[in-house]
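Engineer: Quick one, fold the following:
(chains A and B)
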Number of protein chains: 2
Amino acid sequence: MSVVTIERKVLEKNDALAAQNRKRFQEHGLFVFNLVSSPGSGKTSLLERTIAALNGQVRIGVIEGDVQTDLDAQRVAKYGVPVVQVVTNGACHLEAQLVGDAASQLNLADLDVLVIENVGNLVCPAGFDLGEAVKVVMLSTTEGDDKPLKYPAMFRNASVLIVNKVDLLPYVPCNIEALKRNARHVNPDLLIFETSCTTDAGLPAWCDWVRQQAATVHA
Amino acid sequence: MSVVTIERKVLEKNDALAAQNRKRFQEHGLFVFNLVSSPGSGKTSLLERTIAALNGQVRIGVIEGDVQTDLDAQRVAKYGVPVVQVVTNGACHLEAQLVGDAASQLNLADLDVLVIENVGNLVCPAGFDLGEAVKVVMLSTTEGDDKPLKYPAMFRNASVLIVNKVDLLPYVPCNIEALKRNARHVNPDLLIFETSCTTDAGLPAWCDWVRQQAATVHA
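Structural biologist: Now for the predicted structure:
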């Protein structure tokens, strides 16, 4: 029982700090999304393509969460956008305090969009609000069409699902219609994009959506 | 600080229960491995192929860990082996107590090998000993060759690495030599198998190894 109590306290403290982050982001007219998925679904690749496509139109900043290494921050920094790397040293998710501290290292007034790339983990980040406007969950076709049923919390808490690696559909046992049906069974309100960072399929629609969200927040 | 203390207590309690599980497994001459990976790397597919290949030679039992659903247990049960499903209800890893309780529902005296398929998560299960003889970590080629560096704890604590979905190597940006180099950088002692559950590549070598381990424990 004591452990449950502590966990609730951790979540309550996190939620309070997330509310502070959210207020701060809103004051700066920032559109903030929290990008979550398993390791290797393609979060960083999507981010690279999105930054390249929106270059000169939308000012993007990035907070990179990783258990170890700054490999992802190095990849993103090549595109000339401000990046802060958060290394969790083994912890399995980002928390609002880490994100708040990282945001303080960015000049938020100079940004339109802030992307928080979470630790690769389809389970733990689901419960931790970071102050984002929306959670964007990514699932690659190689992971299989049953994953929304097996890891429902993340799909329930997300507003957007990106089904990535659609170029691999001919080679993997994944029925994309079943995948979408399973996702909507868990969360009927999910907005779904189908993308490939190899062929660029679906990326224009996704980038349009990000551009619109940024414009809406500013308005 | 209080959270750190609680976490240490949780791990200490888990380690004590894991030691009890280990003793019990050894008394039954069981070879037990803890199969870990991200969601969708192919743990259940490997298990299906392994059970089919070793049918009549090695008596296998399975403990299936999932956040939600018994989809994996249903898949494995079709092969006629004893399966116990553990649903963690949102928890991101199996713990020794859950495994001990699940093992009590199996007739251990009738088994040679017990496979514990962990929750799909490349982070959290790394720290939780379940009483297994070895941790087997699976990584699919679609996840990228940098993952051993980004999620080192799991690769450090494992004895065996299975690089799965090698049939997809022509279609994905994964350098398998770099992947193996990265894995051995983190853990030079890793035994590595390269497999495909689609083409059956590498499965005979893996199944031979399981057969040998089972024979060694019995001897």
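Engineer: Helix, strand, or coil at the residue most central in space within chain A?
Structural biologist: By CA atoms, centre = their mean, chain A has its centre lying nearest to residue A:35, at 0.5 Å. Look at residue A:35: counting by DSSP: H, G, I helix; E, B strand; the rest coil, its state is strand.
Engineer: hey, what's it bridged with?
Structural biologist: Beta bridges link residue A:35 to residue A:117, residue A:136, judged by DSSP bridges.
Engineer: What are the boundaries of the strands in chain A?
Structural biologist: A:31-36, A:60-66, A:83-87, A:113-117, A:134-140, A:160-164, A:191-194 (DSSP state E).
Engineer: residues from chain A in reach of chain B?
Structural biologist: Within chain A, the positions near chain B by CB under 8 Å from any CB of the partner chain are A:2-3, A:6, A:10, A:38-40, A:66-69, A:71-72, A:90, A:92, A:119-124, A:127, A:140, A:142-144, A:146-147, A:149-153, A:165, A:167-168, A:171-173, A:198. All C-beta atoms are positioned from the backbone trio N, CA, C, and that covers glycine.
Engineer: Averaging pLDDT per element, find the lowest-scoring helix or strand in chain A.
Structural biologist: Every helix and strand in chain A was compared by mean pLDDT, DSSP states H and E; the lowest is helix A:2-27, with a mean of 83.
Engineer: between it and strand A:31-36, how big is the angle?
Structural biologist: 150 degrees (axes from the mean of the first three to the mean of the last three CA atoms, to 10 degrees).
Engineer: re earlier: out of the residues of chain A next to chain B, which end up buried?
Structural biologist: Neighbour counting with 16 or more other CB atoms under 10 Å in any protein chain shown marks A:6, A:38-40, A:66-67, A:69, A:72, A:92, A:119-124, A:127, A:140, A:142-144, A:146-147, A:149-153, A:165, A:167-168, A:171-172, A:198 as buried within those.
Engineer: Let's see which of those residues end up in helices.
Structural biologist: If you go by DSSP state H, these have A:6, A:72, A:147, A:149, A:150, A:152, A:153 in helices.
Engineer: For the fourth one, give me its contacts.
Structural biologist: Contact criterion CB atoms under 8 Å, 6 or more residues apart in numbering or on different chains gives A:182, A:185, A:186, B:68, B:69, B:71 as the residues in contact with residue A:149.
Engineer: Same check on residue A:108?
Structural biologist: A:24, A:25, A:28, A:30, A:61, A:114.
Engineer: what's the distance between the nearest residue to residue A:198 once chain neighbours are set aside and residue B:148?
Structural biologist: Distances taken as CB to CB, 6 or more residues apart in numbering or on different chains place residue A:167 nearest to residue A:198, at 5.0 Å, with adjacent residues excluded. Counting by CB to CB, to the nearest Å, the separation of residue A:167 from residue B:148 is 25 Å.
Engineer: So residue A:127 sits against residue A:153, correct?
Structural biologist: Yes - taking CB atoms under 8 Å as the definition, residue A:127 is a contact partner of residue A:153 at 7.0 Å.
Engineer: Any chance you could list residues touching both of those two?
Structural biologist: Here residue A:127 and residue A:153 share the contacting residues residue B:90, scored by CB under 8 Å, 6+ apart.
Engineer: residues in contact with residue A:90?
Structural biologist: Counting by CB under 8 Å, 6+ apart, residue A:90 touches A:67, A:68, B:123, B:127, B:153.
Engineer: how about it, phi and psi?
Structural biologist: Backbone torsions of residue A:90, given as degrees, to the nearest 10, read phi 100, psi -20.
Engineer: how about low-confidence regions in chain A?
Structural biologist: For chain A, the stretches flagged by pLDDT under 70 are A:1-7, A:218-219.
Engineer: If we use 50, what do you get?
Structural biologist: Low-confidence segments of chain A (pLDDT under 50): A:1-4.
Engineer: Hmm, residue A:128 and residue A:95 touching each other?
Structural biologist: Yes - between residue A:95 and residue A:128 there is a contact under CB under 8 Å: 5.6 Å.
Engineer: Overlap in contacts, those two.
Structural biologist: residue A:14.
Engineer: Please report phi then psi for residue A:79.
Structural biologist: Dihedral angles for residue A:79 - degrees, to the nearest 10 - are phi -90, psi 10.
Engineer: ok, now which ones touch it?
Structural biologist: Taking CB under 8 Å, 6+ apart as the test, what residue A:79 contacts is A:48, A:51, A:52, A:55.
Engineer: Of all pairs in those residues, which one is the farthest apart?
Structural biologist: Using CB to CB, these reach their maximum pairwise distance at A:48 and A:55, which is 11.1 Å.
Engineer: When the two are compared, which one has more neighbours?
Structural biologist: residue A:48 (17 against 13; other CB atoms under 10 Å in any protein chain shown).
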